[in-house]
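S.K.: I would like the atomic coordinates for the input below:
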Amino acid sequence: MLTADIHSFESMAALDGDGIRYAVFFTGCPLRCAYCHNPDTWFSSQNKWSSGDLVKKIKRYKPYFKNGGGVTFSGGEPLLNSKFIIETGKLLKDEGINYAVDTSGSVVLTDDVKTALDGADLVILDVKFFDEGNYKKYTGGDFENFIKISKYCSENGIRMWLRTVIVPNINDDEESIKKYADFSKQFKFEKYELLAFHTMGFFKYDNLKIENPLRNTPPLDKGKLEELQKLLNIYIKNI
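M.R.: Take a look at the predicted model:
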């Protein structure tokens, strides 16, 4: 059986897909987002799990997976472990358990990545930015990889939710929200949720002794987030 380096787990997760979820966080990510909340997932945890052992662990929580609940593969970037997800997904299916993939869409769209996406009950896609320039500036990633994965999900009928982190003084203005809405019209998705930038992970940068490029950035005000979410909903409705 295949193995993967797993950072951590979260049982009873309620915000990572339908119903109650069991979240599996992989290590490793091709991006270096300026506003990353979990830089500790960039590096190996030396916490190796086989697909079989992981499914045995997950099975204990099966009674909670009612109303569409299941497993959510997150990270880091879970699709770096697409072969592992494929193998684990088959074992989960034998147990009557579905899985979702929470991804930044930052990897090359290989056949294994396609298969991992095809097997997902839901893909939660992190829309970093609506243009190549800002995407490169704030994540260091390849915008084209994101576009290809997004379109693949849309064109192949894979259920998709979109999410965007809103950061003060970067993308927290009405013009940016309209551009996100316009950008999203090329994809098929069920909902688009905005998330607030927070500073709860700042201590991780200190512990890891790595630079925090947004050290002086305050958390996004809850009221501002609600205001921008309402604007986004209006813009999407009018597309």
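S.K.: Now do the strand ranked longest in the chain: everything it contacts.
M.R.: The longest strand of the chain (DSSP state E) is strand 3-13. The contact list for strand 3-13 (CB atoms under 8 Å, 6 or more residues apart in numbering) reads 16, 20-28, 40-41, 44-51, 54, 57, 61, 64, 72, 75-76, 81, 84. Placement of C-beta: from N, CA and C, glycine included.
S.K.: That one pairs with which strands?
M.R.: strand 21-26 (antiparallel), strand 48-50 (antiparallel) (DSSP bridges).
S.K.: What mean pLDDT does the last one get?
M.R.: Summarised as a single mean, pLDDT over strand 48-50 is 97.
S.K.: Please convert the buried members of the contacts of strand 3-13 into PyMOL selection syntax.
M.R.: Command for PyMOL that selects the buried part of those, burial taken from 16 or more other CB atoms under 10 Å:
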select buried, resi 16+20+21+22+23+24+25+26+27+28+40+41+45+49+51+54+61+72+75+76+81+84
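S.K.: any idea of the pLDDT on M12?
M.R.: 89.
S.K.: count of neighbours near it?
M.R.: 11 (other CB atoms under 10 Å).
S.K.: Ok, D221 next?
M.R.: Counted with other CB under 10 Å, residues neighbouring D221 total 12.
S.K.: Please apply the same query to K148.
M.R.: Neighbourhood size, K148 [other CB under 10 Å]: 16.
S.K.: confidence score at it?
M.R.: On pLDDT, K148 comes in at 98.
S.K.: So it versus D206, what's the distance?
M.R.: Per CB to CB, to the nearest Å, K148 is found 36 Å from D206.
S.K.: again, but for N134
M.R.: Taking CB to CB as the measure, N134 falls 27 Å from D206.
S.K.: Which of these two has more residues huddled nearby?
M.R.: Using other CB under 10 Å as the criterion, N134 and D206 rank with N134 on top: 16 against 10.
S.K.: can I assume P63 sits in a helix?
M.R.: Yes. With DSSP: H, G, I helix; E, B strand; the rest coil as the criterion, P63 is part of a helix.
S.K.: Check whether I124 sits in a helix, strand or coil.
M.R.: Under three-state DSSP, I124 comes out as strand.
S.K.: Q229 - nearest residue in space that isn't next to it in sequence?
M.R.: Spatial nearest neighbour of Q229, chain neighbours left out: L194 (4.9 Å); criterion: CB to CB, 6 or more residues apart in numbering.
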